[in-house]
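S.K.: Got a sequence here, can you model it:
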Amino acid sequence: MAKKLLFLITIASALASVSTAHASLAQAGTVYQITTTDTGVVYFWQRGTRNAQPACGASFPGRWAFNATTPAGQSMLALLMSANASGKSVVVAGKGACDVAGDTESVSYIYIAD
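M.R.: Alright, predicted model coming up:
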């Protein structure tokens with residue numbers, strides 16, 4: 001029993017010390033410079049104040065990326081285009097990873113801030 005407890009404490013300590021990427025959140029701001037690529041990656045910039053950006057995206061602090069070849073990505077692109085055309089602000093939440101573009105945080109979700 002003592003060995004099991006020691007093992008569980010060791011595992012819990014190891015998990016607690018693991019460094020995890022921090023997903024960022026950008027407060028409401030307008031989007032600009034929406035760029036699509038031939039691989040389906042969409043890049044855009046957003047003017048909202050952003051927190052906890054992961055190190056992989058530090059070179060482009062206002063830029064986000066997502067894959068528009070998926071239904072979710074197509075939905076995000078439609079929302080961005082609508083917000084941009086109407087001048088509405090959006091809130092953007094990141095994934096804490098740069099898995100779509102190696103130097104830009106990937107988007108988890110976006111919504112129009114009314």
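S.K.: what about Thr37, distance to Leu79?
M.R.: Thr37 sits 19 Å away from Leu79, going by Cβ to Cβ, to the nearest Å. Heads up, the C-betas are built off the backbone N, CA and C, glycines and all.
S.K.: now do Val41
M.R.: Going from Val41 to Leu79 by Cβ to Cβ gives 17 Å.
S.K.: For Leu25, grab the count of nearby residues.
M.R.: Leu25 has 16 neighbouring residues, counting by other Cβ atoms under 10 Å.
S.K.: Helix or strand: which one has the nearest residue to it once chain neighbours are set aside?
M.R.: The shortest distance from Leu25 to any residue other than its chain neighbours is 5.1 Å, reached at Ala93 (Cβ to Cβ, 6 or more residues apart in numbering). According to DSSP states H and E, Ala93 maps onto strand 89-94.
S.K.: Model confidence score at the residue most central in space within the chain, please.
M.R.: By Cα atoms, centre = their mean, the chain has its centre lying nearest to Gly94, at 1.8 Å. Note for Gly94: predicted pLDDT of 97.
S.K.: repeat for Lys3
M.R.: What the model reports as pLDDT for Lys3 is 59.
S.K.: Tell me which stretches of the chain form strands.
M.R.: Secondary structure of the chain (DSSP state E): strands at 25-29, 31-36, 41-46, 50-51, 63-67, 89-94, 105-113.
S.K.: can you put those strands in CSV and add distance to Gly73?
M.R.: Shown next, in CSV, are those (distance: least, Cβ to Cβ, whole Å):
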stretch, distance to Gly73
strand 25-29, 18
strand 31-36, 10
strand 41-46, 7
strand 50-51, 21
strand 63-67, 5
strand 89-94, 14
strand 105-113, 9
